[in-house]
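Visitor: With the sequence up front, the predicted model follows.
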Amino acid sequence: MSRGTPTPSARPTATERAARPVIWTPSILAADFGHLADQVAAAEAGGADRFQVDIMDGCFVPNISMGPMFVAALRRLTTRPIEAHLMTARPQDWIAPAAAAGANWIIVHAEATPHLNRMIESIAETGARPAVALNPDTPLVALEECLPALGMVLLMTVNPGFGGQRFIPSVLGKIARLRRIVSSRRLACDIEIDGGVEAETIGAAWESGANNFVAGSAVFGHAQGPAAGLAALRHALRRRV
Ligand code: DX5
């Protein structure tokens with residue numbers, strides 16, 4: 001069972017890592033909703049490339065958060081791309097509303113549907129970019145057939161449903177294996193991680209092959225504000241380059 005930090009041989013080469021730019025994607029889940037416009041502006045000033053909206057239905061995950069209306073509200077506050085992360089038992093119900101609300105990426109969990117190909121096609125038909133998410137212990141084989149159709153895969157580094165959880169280090173090996181698959185098949189696919197991304201964890205995740213970092217607590221929970229939170233993550237990564 002290959003869990004935990006990947007062996008050095010499994011890690012991507014510097015060339016492979018350099019092939020994918022680092023993408024900063026603050027998660028709105030941890031933002032101060034009472035001052036959302038200020039928080040989004042501060043995150044943009046701090047270098048946010050995108051924002052992620054966690055849509056939770058209380059069924060697929062043990063929490064209820066926000067729906068497509070929140071994507072629409074965020075759409076009015078930023079021109080940056082918005083990712084709608086569907087943590088819902090019926091993703092098919094939320095693809096069109098999320099796209100209509102202005103999501104540029106729509107992320108469905110492979111565990112939430114027996115019809116992954118149909119979900120990916122439905123997302124693409126809206127004009128949004130499809131992505132597939134896997135929970136920490138869902139094996140990569142779930143992506144084997146659909147990977148060439150994806151511009152991004154999200155590997156959850158916490159069990160989905162809540163912000164502020166601890167990073168699950170056993171996902172590092174899975175990140176490295178996915179990066180090797182993407183590189184060997186010459187696919188243009190970003191590897192995004194979400195959950196427990198902070199200064200202490202981001203370096204190992206980047207070295208394993210992740211290049212899109214979703215961070216909520218580390219950004220919007222930072223004592224000096226979102227821009228300082230993003231700066232701290234960039235600094236932690238710079239020490240690893
Ligand atoms: C889990 C959520 C969180 C959130 C970011 O379902 O998706 O991962 O976006 O959480 P933290 O606060 O760990 O960055």
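Guide: Now that the structure is in, tell me what you want to look at.

Visitor: from what I can see residue 122 touches residue 94, true?
Guide: No - in this structure, residue 122 is not within contact of residue 94 by Cβ atoms under 8 Å, at 10.5 Å. For glycine as for every other residue, the C-beta is placed from the backbone atoms N, C-alpha and C.

Visitor: what are the ranges of the strands in the chain?
Guide: Here the chain has its strands, by DSSP state E, at 23-26, 51-56, 82-87, 105-109, 129-134, 152-156, 190-194, 212-215.

Visitor: What are the contacting residues of stretch 107-116?
Guide: 60, 83-92, 95, 119-120, 123, 130-135, 138, 142-143, 145-146, 152, 154, 160 (Cβ atoms under 8 Å, 6 or more residues apart in numbering).

Visitor: ok, now which ones touch the nearest residue to residue 98 once chain neighbours are set aside?
Guide: Closest residue to residue 98 apart from its sequence neighbours, by Cβ to Cβ, 6 or more residues apart in numbering: residue 84 at 3.9 Å. Neighbouring residues of residue 84 by Cβ under 8 Å, 6+ apart: 52-53, 55, 68, 71, 94, 98, 101, 103, 105-107, 128.

Visitor: again, only this time at 7 Å
Guide: Counting by Cβ atoms under 7 Å, 6 or more residues apart in numbering, residue 84 touches 53, 55, 71, 98, 103, 106-107.

Visitor: from those residues, which would you call buried?
Guide: 53, 55, 71, 98, 103, 106-107 (16 or more other Cβ atoms under 10 Å).

Visitor: shouldn't residue 30 be in contact with residue 220?
Guide: Yes - contact between residue 30 and residue 220 holds when scored by Cβ atoms under 7 Å: they sit 4.1 Å apart.

Visitor: Quick check: residues of the protein near the ligand?
Guide: 27, 29-30, 54, 85, 87, 158, 160-165, 194-197, 214-218 (Cβ under 6 Å from any ligand atom).

Visitor: Please narrow these to those residing in helices.
Guide: 217-218 (DSSP state H).

Visitor: Looking at stretch 180-193 now, give me its mean pLDDT.
Guide: In this model, stretch 180-193 has an average pLDDT of 96.

Visitor: Contact partners for the residue lying closest to residue 37 once chain neighbours are set aside?
Guide: Nearest in space to residue 37, with sequence neighbours left out and distances taken as Cβ to Cβ, 6+ apart, is residue 77 at 5.3 Å. Residues near residue 77 by Cβ under 7 Å, 6+ apart: 36-37, 40.

Visitor: This completes my enquiry, with thanks.
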